[in-house]
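Asker: the following comprises the amino acid sequence and a computationally predicted model.
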Amino acid sequence: MFRKSLLSLTLVLALAACESSEERAEGYYQSALALIEQGDKDRALLELRNVFDHDGEHHEARMLYAGLLLESGDVQQAYGQYLRLAEQQPDRLDVRLILSDLALENGNWQEVERHAGVAQSLAPEAPEVRAFEMMLAYREARLARDDIAAGELVAAARALLEETPDVEVAQ
């Protein structure tokens, strides 16, 4: 009996050793998804941190982790996670727009300009990108006390809202 238990334990450990870091990370990620389905976001956050112990570049997990942090009100931590995603995947428009939005909410105009500028180079015609451009230009016009330019930008933002009403930055 003892020999069978020892053999079983050895086999389990051997199989666990065969599992790659990416496979372990994916297992934790799937576990986090299941926990979210069950409404247990706290435990899901723990599982997502386990993902990063095995695969620091698991982008879906990091995006989910950042979103959960943001939902829970931990804006600073979420911002850091989105920054990490932007470093790992500099061409992700969605991440650049989220970073621009968070920086705007925080009043960090330098970061808004930085991330909106990257977003503009990625997708200049995207309504959200155009809205950030208008908002930054409006800010400059107001700082320069150029009421005519500011008024034109307000009209352009209204036109953008008519075209795509769900663009919050244009509002």
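Answerer: Cool, got the structure. Numbers count the residues shown, from 1 in each chain.
Asker: what's the neighbour count on Arg24?
Answerer: By other Cβ atoms under 10 Å, the residues close to Arg24 number 16. C-beta here means a position set from N, CA and C on the backbone, and glycine is covered the same way.
Asker: where do the helices of this structure begin and end?
Answerer: Secondary structure of the chain (DSSP state H): helices at 2-18, 21-37, 41-54, 59-71, 75-88, 93-106, 109-122, 127-143, 147-163.
Asker: any chance of those in JSON lines, plus distance to Ala170 and mean pLDDT?
Answerer: As requested, these are exported to JSON lines (distance: least, Cβ to Cβ, whole Å; pLDDT from 0 to 100):
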{"stretch": "helix 2-18", "distance to Ala170": "52", "mean pLDDT": "45"}
{"stretch": "helix 21-37", "distance to Ala170": "31", "mean pLDDT": "90"}
{"stretch": "helix 41-54", "distance to Ala170": "31", "mean pLDDT": "94"}
{"stretch": "helix 59-71", "distance to Ala170": "21", "mean pLDDT": "96"}
{"stretch": "helix 75-88", "distance to Ala170": "22", "mean pLDDT": "96"}
{"stretch": "helix 93-106", "distance to Ala170": "12", "mean pLDDT": "96"}
{"stretch": "helix 109-122", "distance to Ala170": "13", "mean pLDDT": "97"}
{"stretch": "helix 127-143", "distance to Ala170": "4", "mean pLDDT": "95"}
{"stretch": "helix 147-163", "distance to Ala170": "5", "mean pLDDT": "92"}
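Asker: can you add distance to Gln171 and give those back as TSV?
Answerer: Formatted as TSV, the helices of the chain follow (distance: least, Cβ to Cβ, whole Å):
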stretch	distance to Gln171
helix 2-18	52
helix 21-37	30
helix 41-54	29
helix 59-71	20
helix 75-88	20
helix 93-106	12
helix 109-122	16
helix 127-143	9
helix 147-163	7
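Asker: fine, thanks again, bye for now.
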